[in-house]
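build me a model:
(chains A and B)
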Amino acid sequence: MSQETELKRKKLRTAMFLLITVVALYLVIIVKQW
Amino acid sequence: MAAVHGDAHGHGHDDHHPSGIMRWVTTTNHKDIGTMYLWFSFAMFLVGGTLAMGIRAELYQPGIQILQPELFNQFTTLHGLIMVFGAIMPAFVGFANWQVPMMIGAPDMAFARMNNWSFWLLPVAATLLVSSFFVPGGAAAGGWTFYPPLSTQGGLGVDLMIFSVHILGASSIMGSINIITTILNMRAPGMTMMKMPMFVWTWLITAYLLVLVMPVLAGVVTMLLTDRHFGTSFFNAAGGGDPVMFQHIFWFFGHPEVYIMILPSFGIVSEVIPTFSRKPLFGYSSMVYATASIAILSCVVWAHHMFTAGMPTVGQLFFMYATMLIAVPTGVKVFNWTATMWRGSMTFETPMLFAIGFIFLFVIGGFSGVICAIVPIDIQVQDTYYVIAHFHYVLVSGSLFALFAGAYYWIPKWTGRMYNETLGKWHFWLSMFFFNMTFFVQHFLGLAGMPRRIPDYNLQFADFNMISSLGAFGFGLTQLLFLYIMINCIRSGEKAPQMPWDGATTLEWTHLPTPAPYHSFEKPPIVK
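Sure, this is the predicted structure:
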């Protein structure tokens, strides 16, 4: 795998982890109060 | 000075970008986007400042002169929202856009197109927010904290505010994901985490805080929206909801938000002080751990904003002591800055003056924060001008002064031109004088019992209010001087030398030409 592809994959992995955290927190806050 | 290299080859295609307005609309360059963030935030600073002038004009003397109470409340509400979400936060994101890639040796931000989108959401949100003044019923008037029931009862202005806060939150989340991804994955070879400049560290921790708390804000405004329009009763007591729960959720976002606005300031000051003391930062690793400690503690102190809302004594004690504990890592930072200056070969150019001014005044704001953390005192000063004085010492002489320090420090690198040092010093001293004139007296007003968010007041408060208002007018006018200095620098400033600050050691100074080329670090530098 080229260095560039590896970097793209790493960046995507970090971003997806953060995005899932954001969405999960958003839903938890609302569902918890439901 | 270390060798400046690595980018000469990059100049060949520096000019290969659209010109005119399309350059700014379509740009994915971190420097262009940083510039747009900074100009946008300054424009918002002027709008929020104009509202502040209106507030202080009304409070110049007792009685109702200029603003009717409803409009006065709209002014205070939008002043807070615009300054927090439109001015200070985007300004720091602007600094992050310009500086983070250059300081870690990266060619750009990790997600350049998303970066463009993060920015262009802001003018849309700002337009919604400001235009809410002109809808029937006017803008939101329940304070920047938009507590129910006022926020569930307001008119269309509240809906516009909710929509605007959602968009601003989305922009912040995208910005923070971008910053974290950039820092974690795109550092130059050899730049380990513990070799990163403090500004980068503070932004990394700030971005994590944003990822943690912005969804909470988004959640609470969504619930507010459904309470207003879709028949839910999250915060409506009549329907079985709990308005105090709103306060808990809001402040779970709101208190870390304060640190989101101050941690990058710590980063800027931690770059400026070593440069102008010509010494490395004292206690680098303790600074990193102190920043992380502040961020963690900031998530467990939210209810100190609610001591009068009613809570068990054990809750009051927990939040009181947890809040006071934050003074420890903050004290570590102040000690380290002072120790950095100790026996340094100090000079006092404008960035250094603002950094030192920051330390003096932020410490005053910090002390009054500890005072407010003490439950019996807080119950006395809750919703008085003492609290207004406290948080303006943190956010104006803290965040804003650090932003000024950063702007003067890096403008030679950004533009290749020097600002007028004499005028810069005038800007600092006038800001210092008028800032204290405006806000120091508000401590006395608060201790004497003058309530906040009220357009009229008892005669006993007249003298201090007059002083405060005159100070505010002076402070506002002084910031026009800053605008003049920056425009003058960009248009006709003297050519900046390669290293205008001989004590600077970070990559943007040591490894890039001045001004920084449009594309930088296409080949990463090797950090030893």
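
how about the residues of the stretch 151-300 of chain B near chain A?
Within the stretch 151-300 of chain B, the residues that sit near chain A (CB under 8 Å from any CB of the partner chain) are B:173, B:176-177, B:180-181, B:184-186, B:211-212, B:214-216, B:218-220, B:222-223, B:234, B:245, B:249. In short, each C-beta sits where N, CA and C put it, glycine included.

quick check, central residue of chain B?
In chain B, the centroid-proximal residue (CA atoms, centre = their mean) is B:Ile88; its distance is 3.2 Å.

related to what we said a few turns ago, okay, and which of the residues of the stretch 151-300 of chain B next to chain A map to helices?
Within those, residues falling in helices by DSSP state H are B:173, B:176-177, B:180-181, B:184-185, B:211-212, B:214-216, B:218-220, B:222-223, B:245, B:249.

what about the closest residue to B:Thr206 other than its chain neighbours, neighbour count?
Distance criterion CB to CB, 6 or more residues apart in numbering or on different chains; nearest residue to B:Thr206, sequence neighbours excluded, is B:Leu263 at 4.6 Å. Counted with other CB atoms under 10 Å in any protein chain shown, the neighbours of B:Leu263 add up to 25.

show me what the strand or helix carrying B:Leu263 is packed up against.
Per DSSP states H and E, B:Leu263 falls inside helix B:243-277. On a contact count with 3 or more CB pairs under 8 Å, 6 or more residues apart in numbering or on different chains; DSSP states H and E, helix B:243-277 meets helix A:3-33, helix B:89-104, helix B:198-229, helix B:284-298, helix B:327-341, helix B:350-373, helix B:385-394, helix B:401-415.

ok, now which ones touch the residue nearest to the centre of chain B?
Residues near B:Ile88 by CB atoms under 8 Å, 6 or more residues apart in numbering or on different chains: B:Ser41, B:Met261, B:Leu395, B:Ser399, B:Leu400, B:Leu403.

from those residues, which is closest to B:Asn465?
Distance to B:Asn465, by CB to CB, is smallest for B:Leu395 among those, at 20.6 Å.

I'd like the distance between the closest one and B:Ala389.
Separation of B:Leu395 from B:Ala389 (CB to CB, to the nearest Å): 11 Å.

kindly report the same for A:Gln3.
Using CB to CB, A:Gln3 is found at 54 Å from B:Ala389.

likewise for B:Gly398?
With CB to CB as the criterion, B:Gly398 and B:Ala389 are 13 Å apart.

and what of B:Pro500?
36 Å.

between the two, which one's more packed in?
Under the criterion of other CB under 10 Å, the comparison of B:Pro500 against B:Ala389 puts B:Ala389 first, with 24 against 17.

and the closest residue in space to the more buried one that isn't next to it in sequence, what element?
Nearest residue to B:Ala389, sequence neighbours excluded (CB to CB, 6+ apart): B:Gln442, at 3.8 Å. B:Gln442 is part of helix B:421-447 when elements are defined by DSSP H and E.

I'd like the average pLDDT over that helix.
For helix B:421-447, mean pLDDT rounds to 98.

can you list the buried residues in it?
B:423-424, B:427-428, B:430-432, B:434-446 (16 or more other CB atoms under 10 Å in any protein chain shown).

show me what that helix is packed against.
On a contact count with 3+ CB pairs under 8 Å, 6+ apart, helix B:421-447 meets helix B:350-373, helix B:385-394, helix B:401-415, helix B:462-492.

turn the ones you listed into JSON lines, including mean pLDDT.
Formatted as JSON lines, those follow (pLDDT from 0 to 100):
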{"stretch": "helix B:350-373", "mean pLDDT": "97"}
{"stretch": "helix B:385-394", "mean pLDDT": "97"}
{"stretch": "helix B:401-415", "mean pLDDT": "98"}
{"stretch": "helix B:462-492", "mean pLDDT": "98"}
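
please identify the most buried of those helices.
Among the helices and strands packed on helix B:421-447, ranked by average contacts under mean count of other CB atoms under 10 Å in any protein chain shown, first place goes to helix B:401-415 (a mean of 25).

which strands and helices sit next to that helix?
helix B:30-58, helix B:89-104, helix B:243-277, helix B:350-373, helix B:421-447, helix B:462-492, helix B:507-510.

show me the contacts for the residue in chain A that chain B sits nearest to.
Nearest residue of chain A to chain B, counting by CB to the nearest CB: A:Ile29, 3.3 Å away. Residues in contact with A:Ile29 (CB under 8 Å, 6+ apart) are B:Pro215, B:Val216, B:Gly219, B:Val220, B:Ile249.
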